[in-house]
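Novice: Dropping the sequence and predicted coords here.
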Amino acid sequence: MKNTILRIIPVALLAASFLIGMLTVQGYVVAAEHDATTQADPMQFSRGAQTWANNCARCHNMRDAKSLRDDQWRVAIVHMRVRANLTGQEARDVLAFLQGSN
Amino acid sequence: MTPNERWTTIAVTVIILVITAPPAFAQSDTSRIDELERQAAAMLEQIAELRAELEQAKEQKATPDLQGLRAETVAARQAAQRAEAAASEWKDVTSVTHLSGYASAEFISPDNESSAFVVNFNPMFHFLYSDKILWEAELEFEVEENGDTEIGLEYSTVDVLLNDNLVLVAGKFLSPLGNFRQNLHPSWINKLPSAPPGFGHDGAAPIAEIGMQLRGGVTVGNQSKITYSGYIGNGPKLEGEDGEIHAIETDGFAGNADDEFVFGGRFSLLPMPKLEIAVSGAFGDVAVVENDGADISGDPTRDYTVFGFDASFQVGAFDLRAEYISQDVDDQAMSVAPGGGEWETWYAQGAYKFGQAKWEGVVRFTDFDSPHADDDQEQWALGINYLLTPSAMIKFAYESNKGEAGEPTDDDRWIAQIAYGY
């Protein structure tokens, strides 16, 4: 019984991941276009500051924005997006905050 | 005299001459009139010449200035454009490379064995293309007791950002089951100098996997979030010894000797920021592929299951974590090692920062159980860390260990470590 349940959980997770992925592809395209056209999102910096405060000390100590250059943050944030399962929006916001604070 | 002044003088002279002319004309004769007319004509001629001269002078003076200014402006604009392009090219390029990683130097002093210094170095490479594809890889260099350097490919994956909520990861990745192995083991992150018992090699927590993974997260409402990861991989190998399963090897294998894959994943809920509760699970078939030190093939497969639970909470200066994970293999009567078994471990850890977050005190309890009494261990670990920077620290820790009498697992230890994440 325990085994059957344990077998179902990962399959369900995998299926859910695919489903969520498919459902959000549409939203992503819109978000990407939106991103390109509205370079200056006035709230992005403050959203980024909040996302940073909420997420970036969960696993390790928070590093100073000044510890990396803009281009290095660009890579580190993609890395953290994957590692910490951040959403694309969270990653873009945090990046804007860090690049604006170093 | 400038042409302007000369022109003015001549004009004034003409005016004076014209004004003073009538009395002269009154007592005149024609020759005097002629003379005056001649003089006036000569003067008008001179004025015309001067005017031409003045125009020429004006032109000569103005032309080189205008041209110079124009050239200077163009040069300045080009320089500004070049500087702007140079300033942003490193930011706007499609491909970015970044080198990071961590390293540590340690002094370990067990009660009943010799003390020693040890060192390791884990460089990490990141290649990002167009904010859509990241290749990440980490190497692990460790000097062994005999002086040889052991090199391992800790992970190497391509991460394709499919959309805002899903990333495809392929290659060798850290096992997404549980939290410690994928997120907390680097020395600059782990608050104690050692991994909790059961979270190392041949323990209870799976280490790595070669396969494919989908992972991501979605925000729910304003403050809540869920995250997920699911994978398929080659799965672990069983190592037999003296007719028993000695260990479940989970370092990630490029072969699949048992011809069966393993499926698994982790699902976490963050009802509010800084509070995460997660479950992990995996299943598949595994087989003994190494027995008494020799590779074997054809040993029948058996069920393999993993179950894990982890939680973490940060509040004020406190950082609290707990994690349980177990790996279970069934019996298989036809195998060279028929008996199955369960490897399970759990720990709870509390840490507190003080002294303007320069100091951190840590306490952790772990209980690791396996089918082999000589591997089992119960541990209390106490530590104090001094943070040089948020990612560089000096740690001092004491481990009180309870294992089988006479085994290294029963030896208490002092450990000092300098760790740096760069």
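Specialist: All right, it came through fine. Numbers count the residues shown, from 1 in each chain, chains lettered A, B, ... in the order given.
Novice: What segments of chain A are helices?
Specialist: A:2-37, A:44-55, A:70-83, A:88-99 (DSSP state H).
Novice: likewise chain B?
Specialist: Ranges of helices within chain B are B:3-26, B:30-92, based on DSSP H.
Novice: Quick one: mean pLDDT over the shortest one.
Specialist: Okay, so that is helix B:3-26. The average pLDDT within helix B:3-26 is 58.
Novice: Pass me the low-pLDDT residue ranges in chain A, would you?
Specialist: Filtered on pLDDT under 70, chain A yields the residue ranges A:1-39.
Novice: wait, isn't B:Arg215 in contact with B:Gly264?
Specialist: No: contact criterion CB atoms under 8 Å: B:Arg215 and B:Gly264 do not qualify, at 11.9 Å. C-beta: built from backbone N, CA, C; applies to glycine.
Novice: residues shared between the contacts of those two?
Specialist: B:Pro176, B:Gly230 (CB atoms under 8 Å, 6 or more residues apart in numbering or on different chains).
Novice: So which of the two has more stuff around it?
Specialist: Of the pair B:Arg215 and B:Gly264, B:Gly264 is the one with more neighbours under other CB atoms under 10 Å in any protein chain shown, namely 32 against 24.
Novice: I'd like the distance between that one and B:Gly230.
Specialist: Summarising the geometry, the distance separating B:Gly264 from B:Gly230, computed by CB to CB, to the nearest Å, is 7 Å.
Novice: do the same with A:Cys59
Specialist: Noted for A:Cys59: a distance of 21 Å to B:Gly230, by CB to CB.
Novice: and residue 98, what is it in contact with?
Specialist: By default, I'm working from chain A. With contacts defined as CB under 8 Å, 6+ apart, A:Leu98 is in contact with A:Gly48, A:Trp52, A:Ala65, A:Leu68, A:Trp73, A:Ile77.
Novice: Chain B is the one I meant
Specialist: Taking CB under 8 Å, 6+ apart, one finds A:Asp71, A:Gln72, A:Val75, A:Ala76, B:Phe125, B:His126, B:Leu128 in contact with B:His98.
Novice: number of nearby residues for the second one?
Specialist: It stands for A:Gln72. 18.
Novice: cool, and B:Ser115?
Specialist: Using other CB under 10 Å, B:Ser115 has 11 neighbouring residues.
Novice: same deal with B:Ala357?
Specialist: Applying other CB under 10 Å, we find 12 residues neighbouring B:Ala357.
Novice: And for it, nearest residue in space, chain neighbours not counted?
Specialist: Computed as CB to CB, 6 or more residues apart in numbering or on different chains, the closest residue to B:Ala357 that is not its neighbour in sequence is B:Leu387, at 6.9 Å.
Novice: Need the pLDDT of the one you found.
Specialist: In this prediction, B:Leu387 has a pLDDT value of 98.
Novice: So it versus B:Val118, what's the distance?
Specialist: 22 Å.
Novice: do the same with B:Ala195
Specialist: Here B:Ala195 is placed at a distance of 14 Å from B:Val118 (CB to CB).
Novice: State the number of residues packed around B:Glu59.
Specialist: Each residue near B:Glu59 was counted by other CB under 10 Å, and the total is 9.
Novice: Ok, B:Phe107 next?
Specialist: Look at B:Phe107: counted by other CB under 10 Å, it has 15 neighbours.
Novice: shouldn't it be in contact with B:Ile418?
Specialist: No: counting by CB under 8 Å, B:Ile418 is not a contact partner of B:Phe107; they are 9.3 Å apart.
Novice: Which residues of the stretch 51-200 of chain B lie near chain A?
Specialist: Contact residues, the stretch 51-200 of chain B versus chain A (CB under 8 Å from any CB of the partner chain): B:90-91, B:96-98, B:100, B:126, B:128, B:131, B:134, B:136, B:159, B:161-167, B:169, B:182-184, B:186, B:188-189.
Novice: In strands only, show me those residues.
Specialist: Under the assignment DSSP state E, those contribute B:96-98, B:100, B:126, B:128, B:134, B:136, B:159, B:161-163, B:166-167, B:169 to strands.
Novice: Of those, grab the buried ones for ChimeraX.
Specialist: If you want just the buried ones from these in ChimeraX, going by 16 or more other CB atoms under 10 Å in any protein chain shown, the selection is:
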select /B:96,98,100,126,128,134,136,159,161,162,163,166,167,169
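Novice: Pick out the most distant pair among the ones in strands among the residues of the stretch 51-200 of chain B next to chain A.
Specialist: Across these, the two members that end up farthest from each other (CB to CB) are B:Ser100 and B:Asn163, 26.1 Å apart.
Novice: Next one: B:Tyr304 from B:Gly340, what distance?
Specialist: Distance from B:Tyr304 to B:Gly340, counting by CB to CB: 9 Å.
Novice: I'd assumed B:Pro236 was in contact with B:Ile245.
Specialist: No: in this structure, B:Ile245 is not within contact of B:Pro236 by CB under 8 Å, at 11.0 Å.
Novice: I figured B:Ala257 hits B:Ala287, correct?
Specialist: Yes: assessed by CB under 8 Å, B:Ala257 is found in contact with B:Ala287 at 6.9 Å.
Novice: Name the residues contacting each of those two.
Specialist: Residues touching both B:Ala257 and B:Ala287 by CB under 8 Å, 6+ apart: B:Lys237.
Novice: Comparing the two, which residue is more hemmed in?
Specialist: B:Ala287 (25 against 20).
Novice: quick one: the nearest residue to B:Ala337 once chain neighbours are set aside from B:Asp331, how far?
Specialist: Leaving out its chain neighbours, the residue that sits closest to B:Ala337 by CB to CB, 6+ apart is B:Gly240, at 3.8 Å. Using CB to CB, one gets 13 Å for the distance from B:Gly240 to B:Asp331.
Novice: More neighbours: the two, which one.
Specialist: B:Gly240 (23 against 13).
Novice: wait, that one sits on B:Pro338?
Specialist: No: using CB under 8 Å, B:Gly240 makes no contact with B:Pro338, being 9.8 Å away.
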